[in-house]
Structures are given as C-alpha cells and as structure tokens.
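Asks: could you work out the structure for the sequence below:
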Amino acid sequence: MKTLFDEAGHALGTFAAVDEKDGAVYADGAVFPLAVIGKYTVQEGWVQTPAPAEVVKGVTDAIQARLDAFAQTRFYDDMKSLVGYAGDPDPTFDAEGTYGKNARSATWVTARTIQNDVRAGKRPLPTVAEVLSELPPLVWPA
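Replies: Numbering: from 1, shown residues only. Presented below is the predicted three-dimensional model:
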C-alpha cells in the first residue's frame, strides 16, 4: 500500500497503485490533477488518518488555495482581491469581480453542504481530493 500526500502534506488516501501521467496522479481509479494537488509525495505503507479537525483545516486550506490560484490566473493577488473588483466602474473588472464573488460563494456553499452531510452521518469523512472534486468548476466566463 502507498499513501499519497498533496503539496501541503495532507494525506489524500492509501492506495495499492499510484501512477503519474497526462498531468494527473492516478491511484486505484481516483484521479488527482497536478494543477490541484501540486507537487505530491508517496509514502510506502498505510498512514493513520488525521483527526477530523485536522481534516477540516486541510480541506479549508485546500479550498482557499484553489480559489486563490484561480484568481491568480488573471493576475489578481488572491480571491479576496478579485472579489474586491465587483461593482468596479470598469466593465471588465466588474465582470471578473462579480464572477469571482459568485464562484467563491458557490464553492463555500458546496463545502458547507459536504460538512453538514458528514456531521449528519449521511456520508463518511471525505479526503481533500474528494472534496475538491465535488466543488463547482472555476472557469472564466467568455
């Protein structure tokens, strides 16, 4: 068995096989895009799953990093900076800021729904990668 960790050191799961190709890491059928997990490490053997509070922090950090990385694709410092342009007199900044604001909200609403489902016992505690895969896509409008 091999345990896969993302760039931040969060365990993404323990797998029998881990392979990188085509810009992603494949692990027993799961796909982890390198653009999301960054530089990764693989440790031989099983690693104890972190406590729920550590998982929540890891998920929160990964979601925020995803949002910030998206904003940076248009040269904003981070998502907070992008959202600050909503309502800007310049139509391009306004459109991008408004999109960022709506995308950020949709992302955190989805994360909160996942967290509530876990707390209610409707689903098991997900990995960081599982949560990231369920978030709304971040694609700049044309």
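
Asks: quickly list the domain ranges of this protein.
Replies: Structural domains assigned to the chain are 2-44, 52-134, following automatic domain parsing.

Asks: would you single out the least confident of those domains?
Replies: Mean pLDDT values for these show the minimum at domain 2-44, a mean of 81.

Asks: nearest to residue 141, of the domains of the chain?
Replies: domain 52-134 (5.7 Å; CB to CB). The way it works is simple: take the backbone N, C-alpha and C, and place the C-beta from them, glycine included.

Asks: one step back: with mean neighbour count added, can I get the domains of the chain in JSON lines?
Replies: Formatted as JSON lines, the domains of the chain follow (neighbours: other CB atoms under 10 Å):
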{"stretch": "domain 2-44", "mean neighbour count": "15"}
{"stretch": "domain 52-134", "mean neighbour count": "16"}
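
Asks: state the three-state secondary structure for the residue in the chain sticking out farthest from the centre.
Replies: The centre of the chain is farthest from one residue, residue 89, which by CA atoms, centre = their mean lies 31.3 Å away. When classified by DSSP: H, G, I helix; E, B strand; the rest coil, residue 89 comes out as coil.

Asks: begin at 29, not 1, for the rest of this chat.
Replies: Done: numbering now begins at 29, and the last item shifts to residue 117.

Asks: that one and residue 123, how far apart?
Replies: In this view, residue 117 and residue 123 are 12 Å apart by CB to CB, to the nearest Å.

Asks: ditto for residue 106
Replies: 18 Å.

Asks: what of residue 49?
Replies: 37 Å.

Asks: now do the contacts for residue 90.
Replies: 34, 36, 38, 156, 159-160 (CB atoms under 8 Å, 6 or more residues apart in numbering).

Asks: and the helix or strand hosting residue 108, what does it pack against?
Replies: Secondary structure from DSSP states H and E places residue 108 in helix 107-111. For helix 107-111, the elements it packs on are helix 80-100, helix 119-147, judged by 3 or more CB pairs under 8 Å, 6 or more residues apart in numbering; DSSP states H and E.

Asks: out of these, nearest to residue 168?
Replies: helix 119-147 (7.0 Å).

Asks: run the chain-centre distance for that closest one.
Replies: 12 Å (CA atoms, centre = their mean, to the nearest Å).
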